[in-house]
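Q: Structure, please.
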Amino acid sequence: FSQPIPSPTPPRYDVEWTLARTNILKSLSSLPHDLLNSIFFRPDNLAMFYDLYFKNYHHHFPILHQPTLIISETPPLLLTAILTLGATLAADPAFYYLGQRIHDALRWIILATGKFEPLSPLWCLQALLLVQAQGKMFSTTKHHEMAHIFHGAILTMMKRGRAYSTISNFGSSKPTSLEL
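A: Sure, this is the predicted structure:
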């Protein structure tokens, strides 16, 4: 007499990562279809890349606060920057290759959102900094050079935006010493 084995309840991360996957794919809709339909975007792989990023890279460049980073509420392009960097740390070289293909267009997709202007949202600056970090440390010569080219622009945007504003001068028309 054999009793049916109850099907396991899907782990919570499957639901979170399925929703995140949908949002990411919408944000990356300009990428080739073969890439968008690749194994890179399986929810379990996305969760693995996220974990690889936080276990192996985040402590070197802690620009995110993991305890308050809610996957379903994280802007998809910031999440993509985390995931592509995490994919460079995966054991399977196929993930590195797919991550590099996404990384190749990610900077341009972020810039095309229209958010990279004075008073850029924090997520935009964080995503571009992660793209830059990946380009300088884990990517191709082309990406390394592009990271150098955009480095100054990212720093200037941070200086002119909220990143260096204080409560006392926020909203003031008087320039701060950092803006002069």
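Q: pLDDT value on the residue most central in space within the chain, please?
A: With distances taken as C-alpha atoms, centre = their mean, Ala81 lies nearest the centre of the chain, 2.1 Å away. Looking at Ala81, its pLDDT is 96.
Q: My read is that it contacts Ile109, right?
A: No - the pair Ala81 and Ile109 fails to qualify as a contact (C-beta atoms under 8 Å) at a distance of 10.3 Å. Using the backbone N, CA and C atoms, a C-beta is placed for each residue, glycine as well.
Q: Now do the SS call for Pro118.
A: Secondary structure, DSSP: H, G, I helix; E, B strand; the rest coil: Pro118 is coil.
Q: Any stretches of the protein with poor pLDDT?
A: Within the chain, the stretches with pLDDT under 70 are 1-13, 143-144, 147-149, 152, 162-180.
Q: Do a quick rundown of the helices in it.
A: Using DSSP state H, the helices of the chain run over residues 12-27, 33-36, 43-56, 76-87, 93-112, 122-137, 141-160.
Q: Give me the residues contacting stretch 86-99.
A: 35, 38-40, 45, 48-54, 56-57, 83-85, 100, 134, 138-139 (C-beta atoms under 8 Å, 6 or more residues apart in numbering).
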